[in-house]
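Asker: Please work out how this folds:
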Amino acid sequence: MTPFKKTLLFIHRWLGFISGLVVFIVSITGCIFCFQDEIQDAIHSYRKVEVQAKPYIAPSILKAEALKGRKGATASYVYYYGIGRPAGVLVTDKKEGLLFVYLNPYTGKITHTESPASNFFIIVEYIHLYLLLPANIGTLVVGISVIIFVVLMITGIILWWPKRKSDRKRSFTIKWGGRWRRVNYDLHNVLGFYATSVAIILAITGLSISFDWMREAIYTAANLGKAHPEEKVVFKSDSLLNGKMDTTQVINKAYLSAKAASPNAEMFLIYDDAAKAGAIGVTAYAQALHYYKSDSYSFDKYTGKLLNRTAHEQKSAGMKMNNMNYDVHVGQILGLPGKTIAFLASLICASLPITGFIIWLGKRKKSKSKKVKTVVHRRTVRQHLPTDR
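Answerer: Have a look, this model is predicted:
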């Protein structure tokens, strides 16, 4: 092995020790989370409703129903998840904390209420994002470990890549008939090679979810450095009208305006900013439970006046890339095949710290065994050498 590769192996090994446990936890939780929508749809009846031939209940009515009997509680987010799915209101209650209230969008009847922290898949997501540590600390630990993992994948490819063309065919397959140590070695190297490209994409999109600097880097790179200041504008309501107008129906007006402008959208998210100058934001998503293709709207919270509309087609490449981030990260950008690829890649990533540790342990034991044999050999030779008398 060349001095360069020896150095690379040293770096690869110790970075693996540093990040291995976190990489395993993040990968296995990502693996579990990939099919969370399908699993929850199968086990929770409240995630589906009977389709009725009438329009959805207005968002103001859904908010009022979700807040009923909760003194001092607030609700800023209203979701319409699509045909055959419930509506949802995110409630902040002083006593119970965050609550997600599901309602029938055709009748306004509450079908289920839960704390996000009690949902198994939300817990898995929290572990995945920040290991259930304080968010600012856990996010940093996960982020650093993911960056290290990307370095490990690259150094691993360099260390493993076969020199001779004749060895490449053998190197790209697992020798299942070999001894278990050989199989483990192949599992680490061969599966690691096949998963590398997907794993790096998952790592980058994961970092983008947690860190502004990564989102900005993707935005800048996709736009080839070109600035789009209009996409960074934060639209505000005319706060001078605060208290002077009846605003009870403005959120309904905003929703209906967005629905009329995006008639083919399947899912809607309505955000009512509580700040005096805050606007009402409506995002219309092309497909239910998918977050890539969307039209964004901002409305004055006092008059309902449209302040801005950004259709998906109008968005810059960088904005589109950041919008598709979640769908790429969980694989659903390609539908069920994409989720399967993300699942398998995450499973392989979870296995790499384990197979890598076994390889290191085997080499360590082999090294100790060689040292013992050498010492025994020397003693034996000395015992049989003739002595001067």
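Asker: ok, M319 touching Y219?
Answerer: Yes. Using C-beta atoms under 8 Å, M319 is in contact with Y219, at 6.9 Å. The C-beta positions use only the backbone N, C-alpha and C, and glycine is treated the same way.
Asker: Just say helix, strand or coil for M153.
Answerer: helix (DSSP: H, G, I helix; E, B strand; the rest coil).
Asker: Distance check, it against F343.
Answerer: Distance of M153 to F343, given as C-beta to C-beta, to the nearest Å: 18 Å.
Asker: Isn't G278 up against K236?
Answerer: Yes. Under the criterion of C-beta under 8 Å, G278 makes contact with K236 at 7.1 Å.
Asker: ranges for the strands of this structure?
Answerer: 74-80, 87-93, 97-103, 110-114, 267-272, 280-285, 294-299, 306-310 (DSSP state E).
Asker: I'd like the ones you listed written out as TSV, with distance to I251 added.
Answerer: Shown next, in TSV, are the strands of the chain (distance: least, C-beta to C-beta, whole Å):
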stretch	distance to I251
strand 74-80	8
strand 87-93	12
strand 97-103	15
strand 110-114	19
strand 267-272	6
strand 280-285	6
strand 294-299	9
strand 306-310	14
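Asker: ok, how many other residues are close to K71?
Answerer: When counting by other C-beta atoms under 10 Å, one arrives at 8 neighbours for K71.
Asker: so who does the nearest residue to I158 once chain neighbours are set aside touch?
Answerer: Sequence neighbours aside, L8 is the residue nearest to I158 in space, at 6.1 Å (criterion: C-beta to C-beta, 6 or more residues apart in numbering). L8 sits next to T155, I158, L159 when contact means C-beta atoms under 8 Å, 6 or more residues apart in numbering.
Asker: Among those, which one has the most neighbours?
Answerer: That'd be T155 among these, by other C-beta under 10 Å, with 19 neighbours.
Asker: Return the distance of N308 relative to T220.
Answerer: From N308 to T220 the distance is 22 Å (C-beta to C-beta).
Asker: what's the neighbour count on the residue nearest to F343 when sequence neighbours are not counted?
Answerer: Leaving aside its chain neighbours, F343 sits nearest to C34 (4.4 Å; criterion: C-beta to C-beta, 6+ apart). C34: 23 surrounding residues under other C-beta under 10 Å.
Asker: is it true that C34 touches A345?
Answerer: No. The criterion here is C-beta under 8 Å, and C34 misses it with A345 at 9.6 Å.
Asker: returning to what we had before: tabulate the contacts of L8 (a markdown table), appending distance to S145 and pLDDT.
Answerer: As requested, the contacts of L8 are exported to a markdown table (distance: C-beta to C-beta, whole Å; pLDDT from 0 to 100):
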| residue | distance to S145 | pLDDT |
| --- | --- | --- |
| T155 | 15 | 93 |
| I158 | 20 | 90 |
| L159 | 20 | 87 |
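Asker: can you pull the pLDDT of K371?
Answerer: Predicted confidence (pLDDT) for K371: 55.
Asker: Give me the distance between the two termini of stretch 122-141.
Answerer: End-to-end distance for stretch 122-141: 19 Å, by C-alpha to C-alpha, to the nearest Å.
Asker: Buried ones in that stretch, by neighbour count?
Answerer: Using 16 or more other C-beta atoms under 10 Å as the test for burial, stretch 122-141 gives I122, V124, E125, Y126, I127, H128, L129, Y130, L131, G138, T139.
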